[in-house]
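[1] kindly generate the corresponding structure for this input.
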Amino acid sequence: MKKIFKQSVANRRYSLILKKVNLKSRVIGMIHDIYNVILTVVLNSLKNNIHHKIQ
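    Next comes the predicted model:
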């Protein structure tokens with residue numbers, strides 16, 4: 001009986017840790033997406049500026 005109880009506590013802790021990790025990775029993914037968008041916009045505007053200067 002005690003063994004089963006310990007196992008369930010361990011499982012609960014493990015799932016909590018997993019949830020935290022998932023949340024962190026989700027946040028990191030969001031930041032990564034935003035960073036990619038900003039980078040793309042900046043690169044595009046730089047290309048446009050260079051084209052305008054050449055013309």
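
[2] got any ranges where the protein has weak pLDDT?
    Low-confidence segments of the chain, defined by pLDDT under 70: 1, 55.

[3] please enumerate the helices of it.
    Using DSSP state H, the helices found in the chain span residues 2-54.

[4] what about residue 22, how many residues nearby?
    Neighbour count of residue 22, defined by other Cβ atoms under 10 Å: 10. For every residue, glycine as well, the C-beta is placed using N, CA and C.

[5] mind listing what it touches?
    Contacts for residue 22 were tallied using Cβ atoms under 8 Å, 6 or more residues apart in numbering; there are none.

[6] could you measure it against residue 50, distance?
    From residue 22 over to residue 50 the distance is 42 Å, taken as Cβ to Cβ, to the nearest Å.

[7] now do residue 5
    Using Cβ to Cβ, residue 5 is found at 67 Å from residue 50.

[8] likewise for residue 36?
    Taking Cβ to Cβ, one finds residue 36 at 21 Å from residue 50.

[9] residue 6 too?
    Residue 6 sits at a distance of 65 Å from residue 50 (criterion: Cβ to Cβ).

[10] next: residue 19.
    Using Cβ to Cβ, one obtains 47 Å as the distance from residue 19 to residue 50.

[11] again, but for residue 14
    Separation of residue 14 from residue 50 (Cβ to Cβ): 53 Å.

[12] now do residue 35
    Distance, residue 35 to residue 50, by Cβ to Cβ: 22 Å.

[13] try residue 30
    With distances defined as Cβ to Cβ, the gap from residue 30 to residue 50 amounts to 31 Å.

[14] residue 38 too?
    For residue 38 relative to residue 50 (Cβ to Cβ), the value is 19 Å.

[15] residue 16 now?
    With distances taken as Cβ to Cβ, residue 16 is found 51 Å from residue 50.

[16] how about residue 33?
    Here the criterion is Cβ to Cβ. By it, residue 33 lies 26 Å from residue 50.

[17] many thanks, we can stop here.
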